[in-house]
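S.K.: With the sequence up front, the predicted model follows.
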Amino acid sequence: ALTVRFLTRRFIGEYGDMEFIYSHNLTVDGREILFHIWDVPNSQEQTEEGSSEEKRIQWADSFVLVYSICDRASFNILPLKIRFIKAAKEGQSQEKVPIVIVGNKRDLHHQRVVSSEEGRLLALSLDCGFYEVS
């Protein structure tokens, strides 16, 4: 849903459990940037073999990992995923791989089970960016 919101500026309430690759042009600081976004739902990722995940990691230049502030399990898998990404990407070069952690559903604060502070601390401990959005 965040990807569709970024691409179309529209919010969709229901989002399928499908994998998609999107392309999108955007002007950033006066430069035209072409984004290719490989959107993979977490539930699908858990059932696939590691080689598919490795392929996605090698394909990407940066990563946005999204969890729900209302779902502890979606937050708890992030450290393993981030370490896996860093081992695969940073092992090949000396450059730091850009990773951003995004806590989603900030508007559902009454259902929150993961605090903002937990998200910030995780990002800090793993040298990632951090945002909360709704």
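M.R.: That came through fine. Treat the numbers as computed from the prediction; the structure is a model and nothing was measured. Numbering: from 1, shown residues only.
S.K.: Got the domain ranges for this protein?
M.R.: As given by the TED database, the domain ranges for the chain are 1-41, 52-133.
S.K.: Tell me the bridge partners for Leu26.
M.R.: Ile33 (DSSP bridges).
S.K.: Surely it is in contact with Phe35?
M.R.: Yes: Leu26 is in contact with Phe35 according to Cβ atoms under 8 Å; the separation is 6.3 Å. Glycine gets a C-beta too; all of them are placed from N, C-alpha and C.
S.K.: Would you tell me what the next helix or strand after the helix or strand bottoming out on mean pLDDT in the chain is?
M.R.: Least confident helix or strand, the chain: helix 42-47 with a mean of 49, by mean pLDDT, DSSP states H and E. Counting by DSSP states H and E, the element after helix 42-47 in chain order, helix or strand, is helix 50-59.
S.K.: buried set for that next one?
M.R.: Using 16 or more other Cβ atoms under 10 Å as the test for burial, helix 50-59 gives 53, 56-57.
S.K.: and Leu108, how many neighbours?
M.R.: Leu108 has 12 neighbours, counted by other Cβ atoms under 10 Å.
S.K.: Disregarding flanking residues, what is the spatial nearest neighbour of it?
M.R.: Nearest non-adjacent residue to Leu108, counting by Cβ to Cβ, 6 or more residues apart in numbering: Cys70, 5.5 Å away.
S.K.: tell me the residue furthest from the middle of the chain?
M.R.: Gly30 (25.4 Å; Cα atoms, centre = their mean).
S.K.: Cheers, nothing more for now.
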